[in-house]
Structures are given as structure tokens and as C-alpha cells.
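> fold the stuff below for me.
(3 chains)
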Amino acid sequence: RTYAHTYTHLVMFQDVHVMIFIGFGFLMTFLKRYGFSSVGLNLLLAAFALQWGLIMQGLWHLDDGKIKVSIFKMINADFSTATVLISFGAVLGKTSPVQLLIMTILEITIFSINEHLVAEILEANDVGASMIIHAFGAYFGLAVARMLYRPALRNSHENDGSVYHSDLFAMIGTVFLWMFWPSFNSAIAESGTDQLMAVTNTYFSLAACVLSAYAVSSLVEHKGKLDMVHIQNATLAGGVAVGTCADMDIGPFGAMIIGFVAGIVSTLGFKFLTPILASNLGIQDTCGVHNLHGMPGILGGIAGIVAVALGKKNGSAAMQGAALASSLGFALVGGTITGLIMKLPFWGQPPDQNCFDDSIYWEVII
Amino acid sequence: RTYAHTYTHLVMFQDVHVMIFIGFGFLMTFLKRYGFSSVGLNLLLAAFALQWGLIMQGLWHLDDGKIKVSIFKMINADFSTATVLISFGAVLGKTSPVQLLIMTILEITIFSINEHLVAEILEANDVGASMIIHAFGAYFGLAVARMLYRPALRNSHENDGSVYHSDLFAMIGTVFLWMFWPSFNSAIAESGTDQLMAVTNTYFSLAACVLSAYAVSSLVEHKGKLDMVHIQNATLAGGVAVGTCADMDIGPFGAMIIGFVAGIVSTLGFKFLTPILASNLGIQDTCGVHNLHGMPGILGGIAGIVAVALGKKNGSAAMQGAALASSLGFALVGGTITGLIMKLPFWGQPPDQNCFDDSIYWEVII
Amino acid sequence: RTYAHTYTHLVMFQDVHVMIFIGFGFLMTFLKRYGFSSVGLNLLLAAFALQWGLIMQGLWHLDDGKIKVSIFKMINADFSTATVLISFGAVLGKTSPVQLLIMTILEITIFSINEHLVAEILEANDVGASMIIHAFGAYFGLAVARMLYRPALRNSHENDGSVYHSDLFAMIGTVFLWMFWPSFNSAIAESGTDQLMAVTNTYFSLAACVLSAYAVSSLVEHKGKLDMVHIQNATLAGGVAVGTCADMDIGPFGAMIIGFVAGIVSTLGFKFLTPILASNLGIQDTCGVHNLHGMPGILGGIAGIVAVALGKKNGSAAMQGAALASSLGFALVGGTITGLIMKLPFWGQPPDQNCFDDSIYWEVII
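Residues are numbered from 1 along each chain as shown, chains lettered A, B, ... in the order given. A predicted model of the protein is given here:
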């Protein structure tokens, strides 16, 4: 690569980096007594994950027997990190740092196998990673959450909620994610037209998604009010859902339709599906990653199948479908095994009454 | 345009995007019980406004009968959005989301007419948009606020104030606006010398403005103390005021003089003028946009007239003056009409006692 | 320079600017009643310091008798500003704005002499400024703090501590510093390979530093808990310590070792050394700058001596050693003299009981 190329990567890298550390970190600070852990463990897990991700992804691309570092690979390491942080959202407040580090090791290892399969063997398109990051991270996390099911938390825990200021801190995360998502979806796209198209498609999808998320939130809530949980999360679903198609020639309206649908699906998921998952399936999804990353990720994968079938990008619709199936399969099987390992009794899992509470892991002044 | 050019636009675009969504959004979170609406409605309005702005501005520049999208046009869409967010500041806490969406549609439509007139017909200079964004947005908002005058709020409302933490959230907005203002004023400048000059001029103006804002705040307050309202807002007036001249050869000292004066004018405005506007003219300007955008915007327009007269840039001082007059005229007439439409009784305007309170539009846990 | 080069500088400049204004500003908001001063005085001092820094550094590089401005020089002005903000951390809560402005004038003057000596006379390497910014700023501030010693504050002041939300605000500062530190250490590096190496080396050092800071914090605290003070600060020590070597060919493992050691040293410093400095030496270091900038800065200087001795970069180990000694010498002597001047009784130094309290300098609503 030329240096000019790499400097473009550098700019994209910085934006993605902000999403990983500020975006994910603050998005999870919505809980009233779990802000230290949200932003603090996010930093720990991400700093660890990017190193492990560089190694795991590097093993597939050895150069003269060595792992060579570049800005491009640092972007990919941040991507592998994103899967872990998505899964972290599903189990937020109910796991110890040691459990989370174990999850990081296993999840990134499995991610890098699936990523290699999807990109190199199936040769599927997934430039913004709707399938291999978002759907994968979400269903991996949900499988872990299912394994770590806590019957005692069926009736809501007193700390499993927000206060006014914690919701504002979370909005810092939301807005930074929202602003820089175009860089996420375009960071590893082909320089030039494709990359700029990935930027604009994501921009349009997100803009449309905000409108549908607000509209649906107001429609389903009491007296037409808005719910902060929807605004913090569902406004981002358009970024997830347009990921696979971001560098395809779907046009602004194509992107906006994807974003608009994603906003609807995500908001309805928070309102109606999350409670059912918790009460009927034993899946306690703290941050609602199923609604922000899971369903919109699948939607993105399906949109990719359709777009490739319509000739919007070179590729095979069948391989796109196989990539989606592979991502979901690796996620569910990998997450289940990982959850079982995390359930072993010597990793310091917090007792039910200390869930969602920083003071078990942090020196907190009352 | 070449791609290299467009990548420069991409970097500028991201900075401007941060100003729109984090900068404006958090700047308005200073109210103690209106943070959700400030950052949340800012997101809604901006996401809607940039789509509408792309269409409205695109209609003036049809390409083979179609609106073509580019990063450059996305910057302009963010610019049109800025006018709405400035006006939002004038009526913050006293309008419903539906009223604000109506204001967005009308204001951007009127903005794009004035912008076309100023840039294409008058061929006036306004690279950083002191006139067409800041003065326009402020006086448009003030005219709306005048139309929506609420006598019952003459004596201050109990929620029309800040608390300690809300002022810190607002400082997130202030500092991001302050840091990225050089990108705002240079984003659409000619690549190369002009653009870099716009960066440095804005940088110097802002640095000088901070000094005068702090000095004047301390001089006019009791016991030499500083007032957070001044610091959050008047420190930015230098960015507004240097906008028109940003890409002119005014030199660092020229830029610093503009910024220094802007800081003085803005701080004095908050201290002495805002109370008079509210009590004598019935203009209740919640965020003090007259002081941050209105007067500094006019100052910027006048500085532009002088600079062009002195030959600092090609152009006509008369056309600069006409551009300023046009911007103020469209703002005042447009804002008055828009305010009258917003006053119609079926847009869900909040009752006086629910002003400045998130709980009327948001699910808020007490 | 070509414009392409300068645009690269522009990107780096913006990242460094965020570190100065958001990073340093919010990092210091951890005190429960001193947030306005932390972020507000940070803005005032930085806006003043960058102007003074441009003049002081410009005097060494006159071009036809004039100081010419460029983005490159604006980066250097931000660097000179960083020294002042580091020293500000040592005396946070115990000085008046006037005292701090005097410190700014003197410190930047002395900094620019030492910087000229190190860079031009000794021709030492210090691309990320471990020695000339971090060690210099820290020991300068500690010398000032020693001169301003307040016996009445030996037993902790009631406001000299954090509350839950103030610690979260501080994490905004930490994370932005952490994310953009690679830009800080590479901003003035030679374009191309050297600059990209400075980015990656800093990235690896910081990642390793997070792991050691968390591990040591957990080891030294009661019941294996984490201390927010360590996480906010020691996670950044890797950025400081790798500064001198950032553009040297030390390899990812070299960078990680430096970062790992820095995280250990910094955390242990907070736990064991800071209390001793306060009780035995009369150095009351509010933010613990000795642990974040002082010791890691010296570590960085030593690492630079070793790396040059090992041939990782052209240069002389002796000159590297002289540069470190010069930086420490100028800092300690300059800080002592500056502290004596700041101690003069007419600068409005706050009385003991009003330390760490915004309400002495700000209009604060109780």
C-alpha cells in the first residue's frame, strides 16, 4: 500500500477507535450504579481484546512467519473487539472481570475463524460487518446470557435501571457511535468510490433510522412519550443494518429504507421482545443487544443477500446466505460453550444481590 | 473533484458533524430537567434537518434532473441543520417536538433561498457563515420566540436554570464546539492556502475570545466571580464573528481583534441585554442565542464588509452589506411567519407549568 | 512543505487539540466540587498558553524577522500548553486564576528555552516529549506545589475527593486522552514510516499499560477491588513513557514492555508514593501528576537513552541523558522560582477552607 492509502486508514481508525472506547463505553453507563464498570471494564476488555485480536487475525495472514502490524490491521483488531463489547452488553452487570476476560479470549478466537471463513472461503461481502460482528456478537452474547441465567433476577433488580444523569452519560456514547458509524462501515472498504459510497449510505440509513425510532417509540409508549432506552439504542440500528450493503450501489433511498426498517424493528424489539426473551426463554439481555445488534444484524445480512441477487455488487447470494448462517451458527454454538465455561464456579461471578453494582469490584465512596 | 479533495472534505465533515450532534446537543443540556430533550430532540431535529437540507439545497443544483450526493453536499446539509439548532436554542423548553419539526421544514426552506441569493446572486463571501447561518438562525429563532411569547414565564420558571452537573454536561458541548470551529469555518473553503488560513484565523479568533469573555465575565459579576453561562457561550462568539472573514487575508491580529471584540459583546449581551429583551420586548431567549449567534453574526458580517472594502478578498463591500441585510430580512420575516404557524393551537405546545421539563415528552423515572 | 503534508498535520492537530481541551479538562473534573474550575480554567489557561507558546517558540524560529504561523507550529503551541496543564494538575484546587496565569507565562518561557536546548543544541530525540513535556511539566508543578505547601491541608480536606458522577466525568477525559495519544506522540514525527511507527508503538504501549494498571490496582487494593484514581490515570502512563522512543524501531514488544512497566510504576506511585510526598516532603500533588507524568516521563527518557544506545535511532545516548537532566533541572529550578513568585500575597490565593471549591471563583447555585 502507498502511504496516502494508509493515512486514509489512520483517519478511519481514529473514528472507529472513538466508537469502541467512548461509544460502547458510555452507551453502557445508563445503569444507575454501574458506570465505573461500564466504561472501566469496557476499557480493560477492549485494550486486551485488540491485542488478542491482532494475534488471532494475524495468524491467518502470516507474512514470512511473522505478524506484521499496520493501521489496516489495527482497524480489524478494533472490529474483533467490537464483537466482545456487544456480547458484554448482553451480560452487563452479571459477570466478573475474570469471566469477561475468558469470554474475550474465546469469542475473539471463534470470531477470527468465522471471519476467515466468511471473507476468504465464502468470499461474501460484509464491509460494515452486519453479520460477522453485529449478528455474531449479539447471538454469542445471548447464548452466554442464556447459560448464565439467574432465576432470582426474573423480577427486576433494584439497580437494573437508570437515573436521570446516567441516561445523559449514555447519550454521549449513543451520539459518538451515531456520528462515526459511517467510518465504521467504510473503514476497510476499497479506497475511492466504494469507500465514499459506504460513508454516504451509512449516513442516510442512520438519518432515516432516527426518524422511525422516534416515531415508533412515541407510538408504543404511554401518552406518546419517548423512552430513553429506545433513543439510546434504536437510533443506531440503521448503522448496523446497512453494514453488509454499505459499499454496494443501493442508492440513498435503498439505504434509507434499510435504516427506516431497522429503527422500527429495533424499537419494537425493546418494547415487546426483550421482556418475552427474559420471562419465557431465560435470556436476560441487559442492554438489549438483540434489538440493537442481533435483529438489525440479520436484517443487514438479508439485505446483503437481496442486494447481491439484484446485482448491486459482485458476489453470490448463496454465499451471502451461507455467511449469515455461518455467523449465527458460530455465535450460538460458540456462545453456548463459552457460557458453560464461564459458569464454572471459580471465576468470581457476583452473587445475585450484588449484580448491577459497582461497589463489588470498585472502591466506591458512598 | 478529485478523490483527494473529497477525502479532505470527509475529515472536515466529521468535525462539523461532531459540532452539530455533540456540540449543539450538549451545549443545551445546561437546564436542570431538560437534558433528555436537549440532546435527544437535537438528534431528532438534526437527523431530519439534514435530509430536508439535502433536498432543499439540492434543488438549486440539479444535475441532469437529479440531486447528486457528495461529502461536500453533506457538509452543506449539516450547515443548514445548524440554523435550525440555533433557533431551537431560542425556544428551548417551550415548544413541542411537532412544533420544532414544522420550524425545521420552514426554516431550512427559507435558509436555502437566502443562501442561494447570497452565494449565487450577490456573490458575497461568507465561508464560515456568520451571516447566512449564525445571524440568520439567531434572528429567525428570536422572531419565533417573540411570536410564542408567554407572559406567565416573565418571572423566571423554577426549572429555567441549571444545576451543578447539568452545567458540566453543557461544557462538553462548549468544548467540542470550540475545538472544531476551525473546521466549521474552513470546511467549504477553497482547498489549499485559503482553507488553511480559515483554520488559523478561526483558531486565533477563538483564543482571543476566551480571554475577553473570561475578563468581562469576571468584571461584571459580583466579587469578580465567573458566570458559567458566559463561559459556556461567549467563549465561542469568536468562532461566529470570524466566520465571514475566515478565508480572507486578515492576519492573526485581525482575527484576534474580531474574536476579542466578540467575546466582550457576547458577555455584555448575556449580562445586560437578554433581561431587557425578555422584559421589554417579550423575547424570551432561553439559551441566549442573540449573544452567541446574533450579535457576533452581525459583527462578522460587518467585519466582512470592512475586510472586502480593504481588499482582503475579491468581492464588493456593497454586496457583502446586501448579504447581511438579506440574511436578517429573511430571518425576521421568515421567523415571524413561522412563529405564527407554530402558534396554531393543535401542535401540542406545552402548557406554561410544564415548560423546561423533560417529563412531558419523555418517560422519566423520578 | 507541501499542502498534503500540512493536511496530515491538520488531522494530527485536531486530535492533539481534543487531548488538550477535553482530555486534560475533564480528567481533572474528578473532584466533587471543582468541576467548573477544572474544565473552565483548563480552557482559559490553554487558550492563553497557546498564544504565549506561539510567541515564545516563534522567537527561536523567526522568518524574516516575523513569526510565521502554520499548523505545525499550532501543534507545538498545544505541546507547550500541555506542560502548563500538567503543572496545573499538581496545584489543582489551591491556586487562583491569576496565580495560574502567572505560572503559564513563566512556565512556557522556561519550557521554550529547554525545548530549544534539547532539540537544537543537544539534538536529542524526544518526538512524543516524555522528557520535555511530561517530566518537565510534572516536576515544574511539583516544585510549585512544594513552594505553595499548606500545612493545614495535611489532613485531607473535605472537598479533596470525588463523588460517583464526578468520577464518570473524569473518565471522559481519560478515554479521550487514551484514544488520541498515538496522535500526540506522532504529530511532529517525520511523515511516512516514522510517523506511522510512532502511532503503532504508542498504541501498543497504551494497550499493555491498561493491563498492568488494572492488575496492580486490583493487587494493592482491599479485596482485589479497583481504584478509580488508578484507572483514570495509570492507564495513560504508557503513552507518556513511550513518547521519547515512539518513532524509534523498538518493535511492538519493546513498546509493550515500556507501557507495561509504566502502568506498574504509575499505579504503585499513586498507592504508596503520593502519600509519602505529601506527609514527608510537603508536596501536595492533587492529581498525582508525579505518577502519571513525572515517573513515566523519566522512564521514557531512560528508555530513549537505552534505545539510542542500542542503535534504534540515530543519536547519542549521552545527549539523550543530557536532555533528560536538562529537562529535570529547568523544571525544578524554574518551578521553585515560579512557586516563590506565585506565593507573593497579592495574587488572590484562596484560603485553606475554600480550597477545592468552585464557589470561590464561580457563581454556583447551591
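
> tell me how far A:Glu158 lies from chain B.
Here the criterion is C-beta to the nearest C-beta, to the nearest Å. By it, A:Glu158 lies 12 Å from chain B. Using the backbone N, CA and C atoms, a C-beta is placed for each residue, glycine as well.

> backbone dihedrals for that residue, please?
Phi and psi for A:Glu158, reported as degrees, to the nearest 10, are phi -60, psi -30.

> show the model's pLDDT score for it.
Confidence per residue is given as pLDDT, and for A:Glu158 that number is 87.

> give me the number of residues near it?
A total of 11 residues lie near A:Glu158 under the criterion other C-beta atoms under 10 Å in any protein chain shown.

> nearest to chain C: which residue in chain A?
Each residue of chain A has a distance to chain C, by C-beta to the nearest C-beta, and the smallest belongs to A:Ala47, at 3.7 Å.

> so what's the closest residue to that residue other than its chain neighbours up against?
Spatial nearest neighbour of A:Ala47, chain neighbours left out: C:Val210 (3.7 Å); criterion: C-beta to C-beta, 6 or more residues apart in numbering or on different chains. If you count contacts by C-beta atoms under 8 Å, 6 or more residues apart in numbering or on different chains, C:Val210 has them with A:43-44, A:47-48, C:178, C:235, C:238, C:263.

> narrow these to those in helices?
The subset of these located in helices under the criterion DSSP state H comprises A:43-44, A:47-48, C:178, C:238, C:263.

> ok, these vs B:Ala77, which is closest?
Proximity of the ones in helices among the contacts of C:Val210 to B:Ala77, judged by C-beta to C-beta, is greatest for C:Trp178, which lies at 32.2 Å.

> contact partners for that closest one?
Counting by C-beta under 8 Å, 6+ apart, C:Trp178 makes contact with A:21, A:43, C:206, C:210, C:235-236, C:239.

> I'd assumed A:Thr95 was in contact with A:Thr286.
No: A:Thr286 is not in contact with A:Thr95 according to C-beta atoms under 8 Å; the separation is 9.9 Å.

> ok, and what's touching the helix or strand harbouring A:Gly254?
For A:Gly254, the element it lies in under DSSP states H and E is helix A:251-268. Identification of contacts with helix A:251-268 by C-beta under 8 Å, 6+ apart yields A:200-202, A:204-213, A:216-217, A:220, A:230, A:233-235, A:237-238, A:240-242, A:245, A:250, A:291-292, A:295-296, A:299-300, A:303, A:307, A:312, B:69.

> just give the nearest non-adjacent residue to A:Gly269, would you?
A:Asn291 (3.5 Å).

> number of residues surrounding the one you found?
Other residues near A:Asn291 come to 28 when the count uses other C-beta under 10 Å.

> looking at this, it is in a helix?
Yes: with DSSP: H, G, I helix; E, B strand; the rest coil as the criterion, A:Asn291 is located in a helix.

> that one: what's it in contact with?
Contact partners of A:Asn291, counting by C-beta under 8 Å, 6+ apart, are A:233-234, A:237, A:265-267, A:269-270, A:273-274.

> make TSV out of these and add pLDDT.
Listed next are the contacts of A:Asn291 as TSV, based on pLDDT from 0 to 100:
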residue	pLDDT
A:Asn233	98
A:Ala234	98
A:Ala237	98
A:Val265	98
A:Ser266	98
A:Thr267	98
A:Gly269	98
A:Phe270	97
A:Leu273	97
A:Thr274	96
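
> between these, which is nearest C:Ala278?
Closest to C:Ala278, out of all of those and judged by C-beta to C-beta, is A:Asn233, at 44.9 Å.

> the closest one: how many residues sit nearby?
When neighbours are counted by other C-beta under 10 Å, A:Asn233 registers 27.

> so it sits in a helix?
Yes: secondary structure of A:Asn233 (three-state DSSP): part of a helix.

> show me what contacts it?
With contact taken as C-beta under 8 Å, 6+ apart, A:Asn233 is in contact with A:27, A:174, A:266, A:270, A:287-288, A:291-292.

> swap in A:Gly243?
Listed by C-beta under 8 Å, 6+ apart, the contact partners of A:Gly243 are A:126-131, A:133-134, A:184-185, A:202, A:297, A:300.

> for it, report the pLDDT, please.
Taken from the predicted model, the pLDDT recorded for A:Gly243 is 97.

> where does it fall, helix, sheet strand or coil?
Here A:Gly243 is recorded as coil under three-state DSSP.

> next one: it from A:Ala262, what distance?
Taking C-beta to C-beta, to the nearest Å as the measure, A:Gly243 falls 10 Å from A:Ala262.

> for A:Leu54, same thing?
Here the criterion is C-beta to C-beta. By it, A:Leu54 lies 31 Å from A:Ala262.

> repeat for A:Asn114
Distance of A:Asn114 to A:Ala262, computed by C-beta to C-beta: 22 Å.

> who has more neighbours out of these two?
Set side by side, A:Asn114 and A:Ala262 show unequal neighbour counts under other C-beta under 10 Å, the larger going to A:Ala262 at 34 against 22.

> coming back round to it: among the ones in helices among the contacts of C:Val210, which one has the most neighbours?
Neighbour count (other C-beta under 10 Å) singles out C:Gly238 as the most crowded of these, with 36 neighbours.
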